[in-house]
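Novice: Here is the input, now give the coordinates:
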Amino acid sequence: MEKQPKANGRIVDKNVALDTESVKGFFDRRIRKKLPYLCNYVNYQDAHPEVAVKRDRFEKERILPLLSLWPGIRVLDIGCGVARWAEALLPFVSENGVYVGVDFSEEILSLAKQHFRQEKNCHFFCAAFQDLLDALPLSLIEKKFHLILINGVFMYINDQDISVCCRHVHKLLSADGMIYLKESVGVHHRLTLDRIYSEELGSQYSAIYRSIAEYNEIVKNDFLDHGYQQLYAEEMWKDQLKVRKETTAYFWLLKK
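Specialist: As a prediction, the model looks like this:
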């Protein structure tokens, strides 16, 4: 367990840039913990691990019917972590499709590679979102993807890099493709945790919980103004799955 740092910060309604290496270090260290479920490594809830499992199940049951999946679909999972979505999507990939998971932590990605090592249409690459086009083989870039998942990633991306990341998505999504964007958001305001020590996680942690209004502006500027349609924009959790007072999860489903 790490020592609590002398300097940490909870910053409200101010645009503060995160230290990228600190964010990456959190995920690199996380695999050292012995957690009961694979999804705990990315969905947290270390004190109540069963909540992460319930959230994982609820999210997939709610979102999968909205994704217009078919055999042979090509999926890109940006910030895939342990690839918790892969198991649900691989039946639709079949022989002609592909699931590609990308994450900037090689350590977390190692758990995904081990878990799906026997899946021949399942591939993983280590890269930051900002460097995505440099990490993927040209063959994957040229064929593009029917579905792109961006799940809990922008909360670790600084404001100045958001549009760069979105431009990568434009180049990788097929002409009729869909984007599933889900983020943890501030309930009442923007909240930034800057290298703050979390007793529950037993680690120093950083994240940006932008407000829903801020994400709606990102969606408008970086997607809707580029010809995308917004199919859904809703809060994710219901009732007992809402376990935080300051933050919740929100999702957007977009179609090109």
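Novice: For the rest of this, base every contact and every neighbour count on C-alpha atoms.
Specialist: Will do.
Novice: where do the strands sit along the stretch 101-250 of the chain?
Specialist: With DSSP state E, counting those that start in this stretch as the definition, the stretch 101-250 of the chain shows strands at residue ranges 122-126, 145-151, 173-186, 191-198, 203-209, 229-235, 247-255.
Novice: Now render those as JSON lines, adding mean neighbour count, distance to residue 44 and mean pLDDT.
Specialist: Conversion of the strands of the stretch 101-250 of the chain to JSON lines gives the following (neighbours: other C-alpha atoms under 10 Å; distance: least, C-alpha to C-alpha, whole Å; pLDDT from 0 to 100):
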{"stretch": "strand 122-126", "mean neighbour count": "19", "distance to residue 44": "21", "mean pLDDT": "97"}
{"stretch": "strand 145-151", "mean neighbour count": "23", "distance to residue 44": "14", "mean pLDDT": "98"}
{"stretch": "strand 173-186", "mean neighbour count": "21", "distance to residue 44": "12", "mean pLDDT": "97"}
{"stretch": "strand 191-198", "mean neighbour count": "20", "distance to residue 44": "11", "mean pLDDT": "94"}
{"stretch": "strand 203-209", "mean neighbour count": "23", "distance to residue 44": "12", "mean pLDDT": "95"}
{"stretch": "strand 229-235", "mean neighbour count": "14", "distance to residue 44": "19", "mean pLDDT": "97"}
{"stretch": "strand 247-255", "mean neighbour count": "20", "distance to residue 44": "14", "mean pLDDT": "96"}
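Novice: Let's have the ones you listed in CSV, adding distance to residue 63.
Specialist: Shown next, in CSV, are these (distance: least, C-alpha to C-alpha, whole Å):
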stretch, distance to residue 63
strand 122-126, 21
strand 145-151, 11
strand 173-186, 9
strand 191-198, 26
strand 203-209, 22
strand 229-235, 10
strand 247-255, 9
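Novice: among those, which is nearest residue 72?
Specialist: Using C-alpha to C-alpha as the criterion, the shortest distance between residue 72 and the strands of the stretch 101-250 of the chain is 9.7 Å, found for strand 145-151.
Novice: Tell me the strands beside the closest one, with direction?
Specialist: Using DSSP bridges, the strands paired with strand 145-151 are strand 74-78 (parallel), strand 173-186 (parallel).
Novice: Nearest approach to residue 15 belongs to which of those?
Specialist: For these, proximity to residue 15 was assessed by C-alpha to C-alpha; strand 173-186 is nearest, at 13.4 Å.
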